[in-house]
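*Asks:* quick one: sequence and predicted model below, then my questions.
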There are 2 protein chains.
Amino acid sequence: MLFGGVEAGGTKVVCAVGVGPDAVVDRTTIPTTSPGETLDRVIAYFRAQRAAGRDIAALGVASFGPLDLASGRITTTPKPGWGGTDLVGALRRGLGVPVALDTDVNGAAYGEHRWGAGRGQGTVVYVTVGTGIGGGAVVDGRPLHGLLHPEMGHLHVQRHPGDDFAGTCPFHGDCVEGLASGPAIARRAGRPAHDLGPLLSRTVALEAHYLSQLMTSILYLLMPHRIVVGGGVLNIPGLLDAVRAATAERLGKALDAVPATADLSTYIVPPGLGGLSGVLGALGLAERMVET
Amino acid sequence: MLFGGVEAGGTKVVCAVGVGPDAVVDRTTIPTTSPGETLDRVIAYFRAQRAAGRDIAALGVASFGPLDLASGRITTTPKPGWGGTDLVGALRRGLGVPVALDTDVNGAAYGEHRWGAGRGQGTVVYVTVGTGIGGGAVVDGRPLHGLLHPEMGHLHVQRHPGDDFAGTCPFHGDCVEGLASGPAIARRAGRPAHDLGPLLSRTVALEAHYLSQLMTSILYLLMPHRIVVGGGVLNIPGLLDAVRAATAERLGKALDAVPATADLSTYIVPPGLGGLSGVLGALGLAERMVET
């Protein structure tokens, strides 16, 4: 039995067919354009897979949001044309299989929990630091939902004393996404995050200051077994270690009774599935739906 | 079938026998002294209940911590003599029934989820603001654990611009417990939190500033269906409404797509079980252990 996974992002949609990370039998990438065109191409891809004998029993979708999981729709995204898009309805009608929907980051958290750096850990948080900052969680093996899915990028942080950058978030002046995402880095530095030149060490210091606050907040409120951190910004040399060091300093002696926090290099970790956490997590959500 | 509940606090231990909030058949309060003496009195109480025909099938304990739930022990509490106390072992040996252990705040969250202000809501956070600040959570009906239980009182907050109080936390200068707990209020004001006189309005403003940050952090990371706020500090006149207003202001338009956050008076709510959230939650944990 094969499953389908779709990771829907702001610029591209990754589709995969398989049964877990070691048995992905096909994969493709589709540019994100209008909702109608994009979903038509996703449907056409899985129909072509079916025609080639690779029929899927269920489809998992890990999508940018915010999402209304009850109705299967994107709600109020700033992405032009996508507000209100009925993802689940369109894909279910187009493919005739059950469709599981979650956020991109909940999907990635599920993928990392099931097959990646959080394997064997019941409660796993996945944080991405890239064009935006987001976080998803799996608690006792189940993606975390309540009133909505988590929206970790909005978390307020204490400003670095030397940072007077206004922030890029339209809602808040001091949320972690507005101060520490890739676009925030680039706008503050006046040059791209992958080419910081002499601003590298200052950027690393600021990022560690802000991202360590996200890490400790996740610890104090969710206390996961592991935190997986992905996204392009983590490619900045030295940043992951700097985040670990700043997190340890912030924790101080507060969690001395918790051995796992003594060595954050095995607690705050890069994705085990590389760039495929999201699409594999989506595929896993489809498997989970059939299993349960 | 009857169950026992024990809420173990720093100054007193509340014990109850019953089956849920409407059928508590007996209740007592024991002062918290040494672990040996206190647990002996708890055991003697439930033995006397048994002798009177009110035998319990299981015992739930909601205790101050931090706890090691795997071994059933208190770990590194600053409370003299209590570090390392084997709560579960002592009670199981003394009473010969299965014992379920959780934190005081996870217990209260479970009580409020099952029978109180969070009834019918899958994911509920319970926050107490009193001698300390703590928070517990029930996710999809199950108390939240991971590496440890939540330790929400350690959450860092942005300081109020006009507040130069050093804080009462031995670990951090700017955690919510150190700046907003009852002792913090009293030490900053130079008078008790229940008698603030002319300092009332300033205290309410500071508390709303700090506690609203705890509320938004809980929303962004855990997104519960409801937040229940208890503890003595909430008796300060006007404080709960001030916390709601400050939370709404902090959220801004960030969660406009979530109707429940439009009216925080039904989202951030006082306990439905009054002061009995903890002991009834403990009793509920015993029921849950037998049910599952």
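*Replies:* Thanks, I have it. Numbers count the residues shown, from 1 in each chain, chains lettered A, B, ... in the order given.

*Asks:* which helices and strands sit right next to the worst-scoring helix or strand of chain A on mean pLDDT?
*Replies:* Across the helices and strands of chain A, the lowest-confidence element by mean pLDDT, DSSP states H and E is strand A:67-68, at a mean of 93. Applying 3 or more CB pairs under 8 Å, 6 or more residues apart in numbering or on different chains; DSSP states H and E, one finds that strand A:67-68 contacts strand A:73-74, strand A:99-103. Quick note: C-beta positions are derived from backbone N, CA and C, even for glycine.

*Asks:* can you put the ones you listed in CSV and add distance to A:Gly4 and mean neighbour count?
*Replies:* CSV is the format used below for the helices and strands packed on strand A:67-68 (distance: least, CB to CB, whole Å; neighbours: other CB atoms under 10 Å in any protein chain shown):
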stretch, distance to A:Gly4, mean neighbour count
strand A:73-74, 19, 22
strand A:99-103, 9, 26
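
*Asks:* neighbouring contacts of the least confident helix or strand of chain A?
*Replies:* A:Arg73, A:Ile74, A:Thr75, A:Leu87, A:Leu101, A:Asp102, A:Thr103, A:His149, B:Ala257 (CB atoms under 8 Å, 6 or more residues apart in numbering or on different chains).

*Asks:* in those residues, which has the lowest confidence score?
*Replies:* Across these, the bottom pLDDT score, 67, is held by B:Ala257.

*Asks:* ok so, going back, and chain B, which of the helices and strands packed on strand A:67-68 is closest to it?
*Replies:* Ranking the helices and strands packed on strand A:67-68 by proximity to chain B (CB to the nearest CB) places strand A:73-74 first, at 10.0 Å.

*Asks:* touching chain B at all, that closest one?
*Replies:* No - Strand A:73-74 lies out of reach of chain B by CB under 8 Å from any CB of the partner chain, never closer than 10.0 Å.

*Asks:* re earlier: of all the contacts of strand A:67-68, which comes closest to B:Ser181?
*Replies:* The closest of the contacts of strand A:67-68 to B:Ser181 turns out to be A:His149 (CB to CB; 31.0 Å).

*Asks:* which helix is the longest one in chain A?
*Replies:* helix A:200-222 (DSSP state H).

*Asks:* ok, now which ones touch A:Ala189?
*Replies:* With CB under 8 Å, 6+ apart, A:Ala189 has these contacts: A:Leu196, A:Leu199, A:Thr203.

*Asks:* one step back: could you check the angle helix B:200-222 makes with the longest helix of chain A?
*Replies:* Helix A:200-222 and helix B:200-222 are oriented at 90 degrees to each other (axes from the mean of the first three to the mean of the last three CA atoms, to 10 degrees).

*Asks:* can you tell me how far A:Thr292 is from chain B?
*Replies:* 13 Å (CB to the nearest CB, to the nearest Å).

*Asks:* ok, A:Val157 next?
*Replies:* Distance from A:Val157 to chain B, by CB to the nearest CB: 8 Å.

*Asks:* about what we covered before: out of the contacts of A:Ala189, who has the most neighbours?
*Replies:* Tallying neighbours with other CB atoms under 10 Å in any protein chain shown puts A:Thr203 at the head of the contacts of A:Ala189, with 21 neighbours.

*Asks:* that residue touches A:Gly197, doesn't it?
*Replies:* No - assessed by CB atoms under 8 Å, A:Thr203 is found out of contact with A:Gly197, at 10.0 Å.

*Asks:* who's in contact with A:Gln225?
*Replies:* No Gln there; residue A:225 is His. A:Gly118, A:Gln121, A:Gly122, A:Thr123, A:Val124, A:Ala260, B:Gly146, B:Leu147.

*Asks:* what sits against A:Thr203?
*Replies:* By CB under 8 Å, 6+ apart, the contact list for A:Thr203 reads A:Ile185, A:Arg188, A:Ala189, A:Ala193, A:Leu196, A:Ile236.

*Asks:* what's around A:Pro31, how many residues?
*Replies:* A total of 10 residues lie near A:Pro31 under the criterion other CB under 10 Å.

*Asks:* and it, its phi and psi?
*Replies:* Phi and psi for A:Pro31, reported as degrees, to the nearest 10, are phi -70, psi 140.

*Asks:* residues contacting it?
*Replies:* So A:Pro31 contacts A:Thr11, A:Lys12, A:Val13, A:Thr38 (CB under 8 Å, 6+ apart).

*Asks:* just send the residues you listed back as JSON lines, with distance to chain B and pLDDT too.
*Replies:* Below are the contacts of A:Pro31 laid out as JSON lines (distance: CB to the nearest CB, whole Å; pLDDT from 0 to 100):
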{"residue": "A:Thr11", "distance to chain B": "22", "pLDDT": "93"}
{"residue": "A:Lys12", "distance to chain B": "24", "pLDDT": "96"}
{"residue": "A:Val13", "distance to chain B": "22", "pLDDT": "98"}
{"residue": "A:Thr38", "distance to chain B": "21", "pLDDT": "98"}
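
*Asks:* the closest residue to A:Ser212 other than its chain neighbours in helix, strand or coil?
*Replies:* Of all residues not flanking A:Ser212 in the chain, A:Ala246 sits nearest, at 3.6 Å (CB to CB, 6 or more residues apart in numbering or on different chains). The three-state assignment at A:Ala246 reads helix, by DSSP: H, G, I helix; E, B strand; the rest coil.

*Asks:* to what extent is A:Ala246 buried, counted in neighbours?
*Replies:* Using other CB under 10 Å as the criterion, A:Ala246 is surrounded by 22 other residues.

*Asks:* that one and A:Thr216 touch, don't they?
*Replies:* No - judged on CB under 8 Å, A:Ala246 makes no contact with A:Thr216 at a distance of 9.2 Å.

*Asks:* contacts only, for the residue nearest to A:Ser212.
*Replies:* Neighbour list for A:Ala246: A:Ala208, A:His209, A:Leu211, A:Ser212 [criterion: CB under 8 Å, 6+ apart].

*Asks:* need phi/psi at the spatially most central residue of chain A.
*Replies:* Central residue of chain A (CA atoms, centre = their mean): A:Val105, 2.8 Å from the mean position. Dihedral angles of A:Val105 (phi, psi; degrees, to the nearest 10) stand at phi -80, psi -30.

*Asks:* identify the bridge partners of the closest residue to it other than its chain neighbours.
*Replies:* Spatial nearest neighbour of A:Val105, excluding adjacent residues (CB to CB, 6+ apart): A:Gly136 at 3.2 Å. In this entry, A:Gly136 is beta-bridged to A:Tyr126, by DSSP bridges.

*Asks:* verify the contact between A:Gly136 and A:His113 for me.
*Replies:* No - using CB under 8 Å, A:Gly136 is not in contact with A:His113, being 9.9 Å away.

*Asks:* interface residues of the stretch 101-250 of chain A facing chain B?
*Replies:* So the stretch 101-250 of chain A meets chain B at A:122-123, A:135, A:137, A:139-140, A:142, A:144-159, A:171-172, A:174, A:213, A:216-225, A:250 (CB under 8 Å from any CB).

*Asks:* any of those buried? List them.
*Replies:* Among these, those classed as buried by neighbour count (16 or more other CB atoms under 10 Å in any protein chain shown) are A:122-123, A:135, A:137, A:139, A:142, A:144-157, A:159, A:171-172, A:174, A:213, A:216-225, A:250.

*Asks:* residue contacts, A:Val124?
*Replies:* A:Ala109, A:Glu112, A:His113, A:Gly118, A:Ala137, A:Val138, A:Pro224, A:His225, A:Arg226, A:Ile227, A:Val228.

*Asks:* one more pass at 7 Å, please.
*Replies:* Applying CB atoms under 7 Å, 6 or more residues apart in numbering or on different chains, one finds that A:Val124 lies in contact with A:Ala109, A:Glu112, A:His113, A:Gly118, A:Val138, A:Pro224, A:His225, A:Arg226, A:Val228.
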